[in-house]
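Student: Return atomic coordinates for the entry below.
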Amino acid sequence: MRKVPVTVAYGDGIGPEIMGATLDVLAAAGAELALETIEIGQNVYLRGNSSGIEPSAWESLRRTKVFLKAPITTPQGGGFKSLNVTVRKALGLYANIRPCASYVPFVESKQPGLDVVIVRENEEDLYGGIEHRQSVDSYQCLKIMTRPGSERIIRYAFEYARSYKRGKVTCFTKDNIMKLTDGMFHKVFDEIGAEYPEILKEHWIVDIGAAKLADTPQLFDVVVLPNLYGDILSDVVAQIAGSVGLAGSSNIGSHYAMFEAIHGSAPRRAGQNVANPSGLLLAAVQMLLHIGQWEVAERMHNAWLRTLEEGIHTYDIFREGKSRQKVGTKEFGQAVIANLGKTPETLKPARYGLDRPNPKSDFPFHRREESKALVGVDLFVEFSGSIEELAAALRA
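Tutor: Residues are numbered from 1 along each chain as shown. Sure, this is the predicted structure:
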């Protein structure tokens, strides 16, 4: 098998430790990877680069098109941009995919049987970061949502469901209040959903939908959401499933992809060999599927499940009387390596067939012709007097 070029960043905090364990498992599982290492994050920020990533790193990313990234630390204070947001926008990584599952009885969970995939729009909404000060006392953050952006994330969610043989896609919005932005997202969901008659589809208002997702996650399968709702609820669902530390994610675009754990760099735990590498390890499984190394992905995922079953756990999921052995980051990776070739006996084994294509991610957008007419302008006025005084001034 030809080695696939992959850009790797060890990150900050616990990043180097969990990346080291993940790369050890990848190598032992037989992954054919040609790794290119780049430096990103805190040290780059502190050298005066406000984005946390240097030109040479961009060159590697644009060449390999695949990025396995450990968490990074953004220095506190103003002037430092979010590296995750920068990379997602620069590479067009419009879809954030976060599979969340419970592993009862081996990992404690508030919801046994939970198995939900969150598909989150990754570039638009309030995360555009377009804010300004309107007056002494008021600030505005713009919620930007486009039809092309909505179409491609919703279509990707249905393509994902089709590829992974999942039977339902649910959309969350708040279109009873935000009738133009969220209303458009809901409308596009209905239009595109009609093209997938074999898949069930439904829509929930996000507040009651979130309550149902927390209380009865068995009602859901694939959930597609705008950016902010997806960011919040994917963390909630991962924690309900057992631990945010067990969740990996993929960031998919038309031409590039990034894979990472959903948790942060946890600098307080750095250098102690205690962090759970599972989130990054499962992100690496998603990466293997993306580059077509199905058998390696299956072998690695099943070895990880078997390790959970054997009660070999890091401190965050260790339970007296339930777990068998508390291990560190490196030792957990070694336990997974020892289980390569084995499958879980209680948990559902991972099965990735070679006949299943990756979900499509490059979708053309056909702009619709629409007549336009100027009907007015928006005017913002800062005025400290009474409304009557303002009215008199305007009349004059």
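
Student: Look up how far E389 lies from the nearest residue to I144 once chain neighbours are set aside.
Tutor: Excluding the flanking residues, the one nearest I144 by Cβ to Cβ, 6 or more residues apart in numbering is G128, at 4.9 Å. Where you see a C-beta, it was placed from the backbone N, CA and C, and this is true even at glycine. Here the criterion is Cβ to Cβ, to the nearest Å. By it, G128 lies 36 Å from E389.

Student: same thing with P277?
Tutor: 64 Å.

Student: Would you mind telling me which of those two has more residues around it?
Tutor: Neighbours were counted for P277 and for E389 using other Cβ atoms under 10 Å; P277 has more, 29 against 11.

Student: residues contacting the more buried one?
Tutor: 17-18, 21-22, 314, 329, 332-333 (Cβ atoms under 8 Å, 6 or more residues apart in numbering).

Student: Equivalent analysis for I154, please.
Tutor: By Cβ under 8 Å, 6+ apart, the neighbours of I154 are 171, 185, 188-189, 192-193, 224.

Student: which among those gets closest to A9?
Tutor: V224 (28.2 Å; Cβ to Cβ).

Student: Quickly find the element holding that closest one.
Tutor: Using DSSP states H and E, V224 maps to strand 222-225.

Student: Helix or strand next in line after that strand, which one?
Tutor: Following strand 222-225 in sequence order, the next helix or strand is helix 227-241 (DSSP H and E).

Student: check contacts around L280.
Tutor: So L280 contacts 18-19, 22, 68, 70, 248, 260-261 (Cβ under 8 Å, 6+ apart).

Student: Got phi/psi on it?
Tutor: Main-chain torsions, L280, degrees, to the nearest 10: phi -70, psi -40.

Student: Roughly how far does it sit from L379?
Tutor: 50 Å.

Student: can you check V224 too?
Tutor: 37 Å.

Student: neighbour count winner among the two?
Tutor: V224 (30 against 6).

Student: Any idea what the more buried one is bridged to?
Tutor: Beta-bridge partners for V224, by DSSP bridges, are V119, C171.

Student: S102 contacts Q239, correct?
Tutor: No - in terms of Cβ atoms under 8 Å, S102 does not count as a neighbour of Q239; the distance is 11.0 Å.

Student: neighbour count winner among these two?
Tutor: S102 (22 against 17).

Student: Now do the same contact list for that one.
Tutor: 109, 111-115, 241-242.

Student: can we see that at 6 Å?
Tutor: 109, 111-112, 114, 241-242 (Cβ atoms under 6 Å, 6 or more residues apart in numbering).

Student: What is the nearest of the residues you listed to L289?
Tutor: Taking Cβ to Cβ as the measure, L289 lies nearest A241 of the contacts of S102, at 19.9 Å.

Student: residue boundaries of the helices in the stretch 101-250 of the chain?
Tutor: Counting by DSSP state H, counting those that start in this stretch, the stretch 101-250 of the chain has helices at residues 147-163, 181-193, 206-215, 227-241.

Student: Is it possible to get CSV of those that adds mean pLDDT and distance to T86?
Tutor: As requested, the helices of the stretch 101-250 of the chain are exported to CSV (pLDDT from 0 to 100; distance: least, Cβ to Cβ, whole Å):
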stretch, mean pLDDT, distance to T86
helix 147-163, 96, 18
helix 181-193, 97, 24
helix 206-215, 96, 27
helix 227-241, 94, 15
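
Student: Next, format those as JSON lines and append distance to Y10.
Tutor: Output for those, formatted as JSON lines (distance: least, Cβ to Cβ, whole Å):
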{"stretch": "helix 147-163", "distance to Y10": "29"}
{"stretch": "helix 181-193", "distance to Y10": "37"}
{"stretch": "helix 206-215", "distance to Y10": "34"}
{"stretch": "helix 227-241", "distance to Y10": "23"}
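
Student: Those: which one's closest to E298?
Tutor: Closest of the helices of the stretch 101-250 of the chain to E298 is helix 147-163, at 15.3 Å (criterion: Cβ to Cβ).

Student: now that closest one, how far from the chain's geometric center?
Tutor: 15 Å (Cα atoms, centre = their mean, to the nearest Å).

Student: Extract the C-alpha trace of it and format it as CSV.
Tutor: Taking Å, rounded to 0.1, in the frame of the first residue of the first chain, the C-alpha atoms of helix 147-163 are listed here in CSV:
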residue,chain,number,x,y,z
ARG,A,147,-27.6,29.2,1.3
PRO,A,148,-24.5,27.6,-0.2
GLY,A,149,-23.1,27.0,3.2
SER,A,150,-26.3,25.5,4.5
GLU,A,151,-26.8,23.4,1.4
ARG,A,152,-23.4,21.7,1.6
ILE,A,153,-23.5,20.9,5.3
ILE,A,154,-27.0,19.5,5.1
ARG,A,155,-26.2,17.5,2.0
TYR,A,156,-23.1,16.1,3.7
ALA,A,157,-25.2,15.0,6.6
PHE,A,158,-27.4,13.0,4.3
GLU,A,159,-24.4,11.6,2.4
TYR,A,160,-22.8,10.6,5.8
ALA,A,161,-26.0,8.8,6.8
ARG,A,162,-26.2,7.0,3.5
SER,A,163,-22.6,5.9,3.6
